[in-house]
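In: What shape does this take:
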Amino acid sequence: MNKPITHRDLEGAAPFVSPVPAGAATNAPAEPVFGLPPLLHAGVFGGFLLYLAIMWAAFGEAQLAIPFVVFVVFIAASFVVPALWARIAPGPQPKQDWAWFSAHGIDCATGHLSAGGAIAHVMLLPAMVVLWGVAVAIITALGR
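Out: Below you'll find the model as predicted:
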C-alpha cells in the first residue's frame, strides 16, 4: 500500500536535472499546432455531419428539428473552437500544408506514420460512424 517517503529516500532517488536556460536555442523544428493539415480536420468534421444528414434522412421529423440543430452546433463547436484556439497561439505558428504532410507523414506515440497511414487512422472513426448510419437507415427503411 502507501508508505511515507522520507527526505533520505528522496536523496537516494534519481538526480535532479537542471532546466534548460530560458534563452537557449533548440534545433527542434517547430511543431504544427495539431500536427495534421486542416483538410483532415475538415474531413472528420464532414464525416460527422454526413452521419447527422443520414440520420435526418432516416428519422427526420418536425419534433426532431431542435435536437438535430443542437447536435450540429455541438459538432461544429468541437471543430471550430480548436481551430480558433490554434489561431490565437502566441508567436508565429507554422502551417502544415498538404504537400509537406504527403512527403513527411507524421510522428505519433506509436512511431512514424506515412501520410496514407495517418489518413487511415484519422478517417477510420468517421467512416465507421457513417457506415453505421447507413446500416441503421437501411434497416429502418426495410422495416417500414
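In: Return the distance of the residue nearest to Pro38 when sequence neighbours are not counted relative to Ala109.
Out: Excluding the flanking residues, the one nearest Pro38 by CB to CB, 6 or more residues apart in numbering is Ala83, at 7.6 Å. Glycine gets a C-beta too; all of them are placed from N, C-alpha and C. Plainly put, Ala83 is 23 Å away from Ala109 if you go by CB to CB, to the nearest Å.
In: and the least confident helix or strand in the chain by mean pLDDT, what other elements does it pack with?
Out: Lowest by mean pLDDT, DSSP states H and E among the helices and strands of the chain is helix 7-11, with a mean of 77. Judged by 3 or more CB pairs under 8 Å, 6 or more residues apart in numbering; DSSP states H and E, helix 7-11 is in contact with no other helix or strand.
In: Could you pull up the mean pLDDT of stretch 127-142?
Out: Per-residue pLDDT over stretch 127-142 has a mean of 96.
In: that older thread, pull the distance from the least confident helix or strand of the chain to the chain's centre.
Out: 42 Å (CA atoms, centre = their mean, to the nearest Å).
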